[in-house]
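# Here is a sequence with its predicted model. Questions after.
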Amino acid sequence: MKKQSTRRIGRTLVMVPVVLLFIVLGMVVLPMTESADTSPVAGSADWMAALPDDTPLSDIVIPGTHDSATQYVQLAYFSKCQVLSVGEQLVAGFRYLDIRLGDADKGADFPRLMHGFTNCKRSLLGGKLYLDEVLADCCAFLAAHPTETVLFAVKHEHGDSPDADMAKALDGFIGARPEYWLVTDEMPTLGEARGKLVLLRRWEEGDGLPLLWADQKGAADVTQNAVMEEQGSYRLWVQDRFEYGVNDKWDAFTAGLEVPAQAGDAVLSFLSTKGTSTYGHPYQFAEKLNLKLTELDSAALRGWIAVDFGTPALAEHIYRANFQ
């Protein structure tokens with residue numbers, strides 16, 4: 001009996017590193033192989049230059065990214081949503097950034113970028129990614145491309161501190177470089193926003209354009225899609241069903257493009273989803289949904305569209321809608 005127990009313990013000890021190896025392969029190595037075509041598209045860094053100054057931002061079809069800072073992130077199998085860095089996304093033509101912040105580490109000066117409870121990173125083997133680094137990339141892009149604007153949607157993603165603390169931290173960045181910011185509670189025109197980050201706040205109180213909606217997740221009734229949310233100075237139609245499978249998500253997305261928006265309303269449509277499981281794998285959904293989007297005529301697109309695993313070709317397909 002002792003020999004059998006010893007053998008069982010020995011087999012268990014051997015299996016532990018094997019299981020750990022498979023976990024590492026799944027969480028880290030597999031996502032490294034999941035990429036997309038990042039070939040540049042000529043003119044994408046300055047595509048807004050051709051649009052009239054008096055165009056409200058709500059009237060522009062704007063390509064965006066969901067969980068924009070997750071090119072490198074912990075537990076990448078579950079948390080990675082992008083193949084390009086924030087700076088690379090801007091050059092590719094994306095103009096809506098989904099910025100998720102966690103409380104600053106003890107002793108740190110800046111909030112960190114997060115997806116859920118996982119930390120975004122500077123590189124595959126690098127340390128945590130902080131807000132000052134992302135903003136430096138945004139300001140450098142705008143300095144080089146002053147005809148463009150960036151919709152900077154900020155959410156307090158993780159941590160116990162009040163939203164007011166996050167807003168205060170952001171105010172410090174705005175005060176340090178005010179020439180790169182447009183902080184308003186009304187929908188601006190492109191002329192007013194050129195060369196600037198337009199602050200869209202996803203918390204109740206504070207400066208900036210409110211961008212608030214009730215968490216949509218999925219729904220037992222999968223015909224549910226966009227919801228209209230009053231934002232004070234404007235109305236927001238938003239579709240963010242992130243717990244749908246591919247077919248239900250695509251139905252929600254296309255239905256959301258047809259909401260009865262009026263002049264001055266903004267329409268925000270997420271193509272991103274993690275599926276119906278508790279912890280999903282965004283890449284497997286993005287691969288199929290992004291292909292569907294490229295097959296949809298650009299003329300059918302409207303509003304601000306946020307995608308996972310965004311590429312230059314996908315951004316160009318979206319913003320082309322403004323010129324048809």
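Nice, thanks for sending it over. Keep in mind it's a predicted model, so treat the numbers as computed, not measured.

# how close does the most centrally placed residue in the chain sit to residue 104?
Residue closest to the average C-alpha location in the chain (CA atoms, centre = their mean): residue 66, at 2.0 Å. For residue 66, the distance to residue 104 (CB to CB, to the nearest Å) stands at 23 Å. C-beta here means a position set from N, CA and C on the backbone, and glycine is covered the same way.

# now do residue 284
Distance from residue 284 to residue 104, by CB to CB: 33 Å.

# out of these two, which sits in the busier spot?
residue 104 (18 against 13; other CB atoms under 10 Å).

# Now that one. Nearest residue, chain neighbours left out?
Nearest-residue entry for residue 104: residue 111, 5.2 Å, with adjacent residues in sequence omitted and distances by CB to CB, 6 or more residues apart in numbering.

# That neighbour against residue 105, yeah?
No. Counting by CB atoms under 8 Å, residue 111 does not reach residue 105; the two are 9.3 Å apart.

# Where does the nearest residue to the residue nearest to the centre of the chain once chain neighbours are set aside sit: helix, strand or coil?
Nearest residue to residue 66 in three dimensions, chain neighbours excluded: residue 272, at 3.9 Å (CB to CB, 6+ apart). Remark: residue 272 carries the secondary structure label coil [criterion: DSSP: H, G, I helix; E, B strand; the rest coil].

# hang on, residue 272 packs against residue 310?
No. Judged on CB under 8 Å, residue 272 makes no contact with residue 310 at a distance of 9.8 Å.

# pretty sure residue 323 contacts residue 48?
No. Here residue 323 does not reach residue 48: they are 11.1 Å apart, not a contact under CB under 8 Å.

# And those two? Which one has more around it.
Between residue 323 and residue 48, residue 48 has the larger neighbour count (other CB under 10 Å), namely 20 against 10.

# Provide the secondary structure category for the more buried one.
Applying three-state DSSP: residue 48 is helix.

# OK, contacts around it?
60, 95, 147-149, 190, 194 (CB atoms under 8 Å, 6 or more residues apart in numbering).

# if you set the cut-off to 6 Å instead, what comes out?
147-148 (CB atoms under 6 Å, 6 or more residues apart in numbering).

# shouldn't residue 72 be in contact with residue 121?
Yes. Using CB atoms under 6 Å, residue 72 is in contact with residue 121, at 4.2 Å.

# what residues are shared contacts of these two?
Joint contacts of residue 72 and residue 121 (CB under 6 Å, 6+ apart) do not exist.

# picking that back up, who has more neighbours, residue 272 and residue 310?
residue 310 (31 against 25).

# give me phi/psi at the more buried one?
When read as degrees, to the nearest 10, the backbone of residue 310 gives phi -70, psi 140.

# Count the residues that sit near the nearest residue to it once chain neighbours are set aside.
When the adjacent residues along the chain are set aside, residue 310 lies closest to residue 65, with 4.7 Å between them (CB to CB, 6+ apart). For residue 65, the neighbour count with other CB under 10 Å is 29.

# Show me the beta-bridge partners of residue 65.
residue 97, residue 307 (DSSP bridges).

# mind showing which ranges of the protein have poor pLDDT?
1-27 (pLDDT under 70).

# For it, which segments are assigned as strands?
62-65, 96-102, 112-115, 118-119, 150-158, 181-182, 197-201, 209-210, 227-230, 235-239, 266-270, 304-307 (DSSP state E).

# These: which one's closest to residue 280?
For residue 280, the closest of these is strand 112-115, at 12.1 Å, according to CB to CB.

# Counting by contacts, list what the closest one packs against.
Judged by 3 or more CB pairs under 6 Å, 6 or more residues apart in numbering; DSSP states H and E, the packing partners of strand 112-115 are strand 96-102.

# From the contact counts, what lies against the strand it packs on?
Partner elements for strand 96-102 (3+ CB pairs under 6 Å, 6+ apart): strand 112-115, strand 150-158.

# Which residues does it contact?
Taking CB under 6 Å, 6+ apart as the rule, strand 96-102 contacts 62, 64, 66-68, 111-112, 114-115, 151-159, 166, 304, 306.

# Hmm, residue 80 is touching residue 31, no?
Yes. Contact criterion CB under 6 Å: residue 80 and residue 31 qualify, at 5.1 Å.

# quick one, which of these two is more surrounded?
residue 80 (26 against 22).

# list the contacts for the more buried one?
Residue 80 neighbours (CB under 6 Å, 6+ apart): 31, 70, 73.

# now the helices: where do they sit in the stretch 1-150 of the chain?
Using DSSP state H, counting those that start in this stretch, the helices of the stretch 1-150 of the chain run over residues 2-24, 30-33, 76-79, 86-92, 131-144.
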